[in-house]
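Engineer: I'd like to go over a predicted model; first the sequence, then the structure.
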2 protein chains.
Amino acid sequence: MVARAMANFGLIDLRLVNPRDGWPSEKARAAASSADHVIDAVRLFDSVEAAVADITYLLATTARPRDSYKPVRGPETAAGEMRARAAAGQKVGMLFGRERYGLSNAEVGLADEIVTFPVDPAFASLNIAQAVLLMSYSWRAAGADDATAPRFTAPEAPPAEKADLHRLLDHLETSLSRTGYFHPPHKREAMVQNLRTMLTKAGFTEPEVRTLRGVLRAFDYEMGERGRSGRETTG
Amino acid sequence: MVARAMANFGLIDLRLVNPRDGWPSEKARAAASSADHVIDAVRLFDSVEAAVADITYLLATTARPRDSYKPVRGPETAAGEMRARAAAGQKVGMLFGRERYGLSNAEVGLADEIVTFPVDPAFASLNIAQAVLLMSYSWRAAGADDATAPRFTAPEAPPAEKADLHRLLDHLETSLSRTGYFHPPHKREAMVQNLRTMLTKAGFTEPEVRTLRGVLRAFDYEMGERGRSGRETTG
């Protein structure tokens, strides 16, 4: 699940220290979904010191305050700091503890700074995979603007020109007039203004205005057909 | 795992629609670790519409591009928008899809806006619990610094509850069905979705939805009168 969390946000360098269940692990590969590229690149170390040997800026993730004079950051500012240092050519890393016991004080002591999560003090129960997911997301979100931008944007439809919108509003007014909607007559002006305000505020695009014209034509047609049918049989 | 993710960041209102494995679920309770207060408060619904009936601002989480004109946001700006609206007294909600298939287009169509995650396009594989964790974290992080939250000016009228909006959309569909608007029949579903998306995006207030119901009743009445008039003379 850690590999999968990393892969979602473009991280690939996973280092394990004395994994409890051994390595390689078919169970881990299965849980990683298709993040095989992370699993395949895993490196094993027999001490935390060895695992972080080439790192110049190391963050330790902890669930609770430590009796330490290290700076404590939230995920966003921590990720921003890592991004800035990485951009300056530094090798940066994040250190996560054991599932049940976290990091020892000695292990936290290896880090330059501490990052902790703004969890509810009444219910703080993030597992490693969740912590890695949040830090991986924060790393990506702290990146270039285009990395944090959503991967897709709504298709751009051109906004309706006011003339098109006004033709729609005129059409609605005409169709509604046939139904007796504008009653009593002295309220007609206020009712028209109300409809115009509402439909202008809606900010319809040009294709949307075209669709709404079609809707009105359908009502017009039905009213006309019934009307003609009535006239034919009565006339 | 969803309940646990929520609890870590102080969220408690979990609503389930037709849970695949039934409810209550001992498996779910076990996976929730000690987030019993979330599990105990779960409410069940038999449709998404019912689940979001009292919500006024609904975000849909999606993993891939949709052919939709709804605004698309990243988690941070989406959470900021939700915070601002909640602070203004609105009821806000997030909609998550099925583990394997996500949300249908019709379900996405119920939302005001779409939120998506800045995942690596080459490896996009967030499960529901991960998506909920990221959104819950973003929600909490957006509240940590009120000064940075986007300013939101409450509209003069309260926004419509989704149940009111859905009654309007059902009404429009029924009225249009009488006119033969949905032609050819195999395009009906797409046409309905198009109308629902457009009128959801418009962000109507509660009095505006009431006004539009009145507009439809006027057309209904006229179509009915003419129809009755025609029937009377022919019968």
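Structural biologist: Perfect, thanks for sending it.

Engineer: so what's A:L172 up against?
Structural biologist: A:195, A:199, A:216, B:215 (C-beta atoms under 8 Å, 6 or more residues apart in numbering or on different chains). Placement of C-beta: from N, CA and C, glycine included.

Engineer: keeping just the C-alphas, turn the helix or strand hosting it into PDB.
Structural biologist: Assigned by DSSP states H and E, A:L172 falls within helix A:162-179. C-alpha atoms of helix A:162-179 as PDB (Å, rounded to 0.1, in the frame of the first residue of the first chain):
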ATOM      1  CA  LYS A 162     -25.500  38.500 -24.500                       C
ATOM      2  CA  ALA A 163     -27.500  38.700 -27.700                       C
ATOM      3  CA  ASP A 164     -28.000  35.000 -27.700                       C
ATOM      4  CA  LEU A 165     -29.000  35.100 -24.000                       C
ATOM      5  CA  HIS A 166     -31.500  37.900 -24.700                       C
ATOM      6  CA  ARG A 167     -33.100  36.000 -27.500                       C
ATOM      7  CA  LEU A 168     -33.600  33.100 -25.100                       C
ATOM      8  CA  LEU A 169     -35.100  35.400 -22.500                       C
ATOM      9  CA  ASP A 170     -37.400  37.000 -25.200                       C
ATOM     10  CA  HIS A 171     -38.400  33.500 -26.300                       C
ATOM     11  CA  LEU A 172     -39.200  32.400 -22.800                       C
ATOM     12  CA  GLU A 173     -41.300  35.600 -22.200                       C
ATOM     13  CA  THR A 174     -43.200  35.000 -25.400                       C
ATOM     14  CA  SER A 175     -43.900  31.300 -24.700                       C
ATOM     15  CA  LEU A 176     -44.900  32.000 -21.100                       C
ATOM     16  CA  SER A 177     -47.300  34.800 -22.200                       C
ATOM     17  CA  ARG A 178     -49.300  32.200 -24.100                       C
ATOM     18  CA  THR A 179     -49.800  30.200 -20.900                       C
END
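
Engineer: and after it, which helix or strand comes next?
Structural biologist: helix A:188-201.

Engineer: so what does that next one touch, helix or strand wise?
Structural biologist: If you count contacts as 3 or more C-beta pairs under 8 Å, 6 or more residues apart in numbering or on different chains; DSSP states H and E, helix A:188-201 packs onto helix A:162-179, helix B:206-234.

Engineer: what's the angle between the first one and helix A:188-201?
Structural biologist: Looking back up the chat, that one is helix A:162-179. 140 degrees (axes from the mean of the first three to the mean of the last three C-alpha atoms, to 10 degrees).

Engineer: quick one: mean pLDDT for helix A:162-179?
Structural biologist: Mean per-residue pLDDT for helix A:162-179: 92.

Engineer: in that helix, what's buried?
Structural biologist: A:164-165, A:168-169, A:171-173, A:175-176, A:178-179 (16 or more other C-beta atoms under 10 Å in any protein chain shown).

Engineer: closest one to B:S136 out of those, please.
Structural biologist: A:L165 (40.1 Å; C-beta to C-beta).

Engineer: any low-confidence regions in chain A?
Structural biologist: Scanning chain A for pLDDT under 70 picks out the ranges A:64-69, A:144-156, A:225-235.

Engineer: repeat that for 50
Structural biologist: A:146-149, A:230-235 (pLDDT under 50).

Engineer: domain assignment for it?
Structural biologist: Here the domain assignment for chain A is A:2-148, A:162-234, based on automatic domain parsing.

Engineer: contact partners for A:R98?
Structural biologist: For A:R98, the contact set (C-beta under 8 Å, 6+ apart) comprises A:20, A:128.

Engineer: what bridges to it?
Structural biologist: A:G102 (DSSP bridges).

Engineer: next helix or strand past the helix or strand A:G93 falls within?
Structural biologist: Here A:G93 sits within strand A:92-95, counting by DSSP H and E. Next helix or strand after strand A:92-95 toward the C-terminus (DSSP H and E): helix A:105-108.

Engineer: surely A:R213 touches A:L168?
Structural biologist: Yes. Applying C-beta atoms under 8 Å as the test, A:R213 and A:L168 come out as touching, 5.8 Å apart.

Engineer: circling back to that earlier point, nearest to A:A63 among the buried residues of helix A:162-179?
Structural biologist: Distances from A:A63 to these, taken by C-beta to C-beta, are shortest for A:L165, at 55.1 Å.

Engineer: burial count for the residue lying closest to that closest one once chain neighbours are set aside?
Structural biologist: Here the nearest residue to A:L165 in space, its sequence neighbours aside, is A:V209; by C-beta to C-beta, 6 or more residues apart in numbering or on different chains that works out to 6.0 Å. For A:V209, the neighbour count with other C-beta atoms under 10 Å in any protein chain shown is 21.

Engineer: what's the answer for A:R213, then?
Structural biologist: Using other C-beta under 10 Å, A:R213 has 15 neighbouring residues.

Engineer: give me every residue that touches it.
Structural biologist: A:167-168, A:171.

Engineer: which single one of those is nearest to A:E26?
Structural biologist: A:L168 (62.2 Å).

Engineer: buried sites along stretch A:196-209?
Structural biologist: A:196, A:198-199, A:202, A:204-205, A:208-209.

Engineer: name the nearest of these relative to chain B.
Structural biologist: Nearest to chain B among these, counting by C-beta to the nearest C-beta, is A:A202 at 3.6 Å.

Engineer: quick check: that closest one touching B:G203?
Structural biologist: Yes. Between A:A202 and B:G203 there is a contact under C-beta under 8 Å: 7.2 Å.

Engineer: export the buried residues of stretch A:196-209 to JSON lines and tack on distance to B:K187?
Structural biologist: Formatted as JSON lines, these follow (distance: C-beta to C-beta, whole Å):
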{"residue": "A:R196", "distance to B:K187": "30"}
{"residue": "A:M198", "distance to B:K187": "28"}
{"residue": "A:L199", "distance to B:K187": "25"}
{"residue": "A:A202", "distance to B:K187": "24"}
{"residue": "A:F204", "distance to B:K187": "21"}
{"residue": "A:T205", "distance to B:K187": "20"}
{"residue": "A:E208", "distance to B:K187": "17"}
{"residue": "A:V209", "distance to B:K187": "19"}
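
Engineer: A:S138: neighbour count?
Structural biologist: 26.

Engineer: that one and A:A106, how far apart?
Structural biologist: Distance from A:S138 to A:A106, counting by C-beta to C-beta, to the nearest Å: 26 Å.

Engineer: cool, and A:E208?
Structural biologist: Where A:A106 is concerned, A:E208 sits at a distance of 63 Å (C-beta to C-beta).

Engineer: for A:E99, same thing?
Structural biologist: Separation of A:E99 from A:A106 (C-beta to C-beta) stands at 18 Å.

Engineer: repeat for A:R29
Structural biologist: The value you get for A:R29 to A:A106, if C-beta to C-beta is used, is 31 Å.

Engineer: for the two, indicate the residue with more neighbours.
Structural biologist: A:R29 (15 against 9).

Engineer: does chain B sit close to the strand or helix carrying that one?
Structural biologist: For A:R29, the host element (DSSP H and E) is helix A:26-31. No. Judged by C-beta under 8 Å from any C-beta of the partner chain, helix A:26-31 stays clear of chain B, getting no closer than 11.0 Å.

Engineer: list the buried residues in that helix.
Structural biologist: A:A28.
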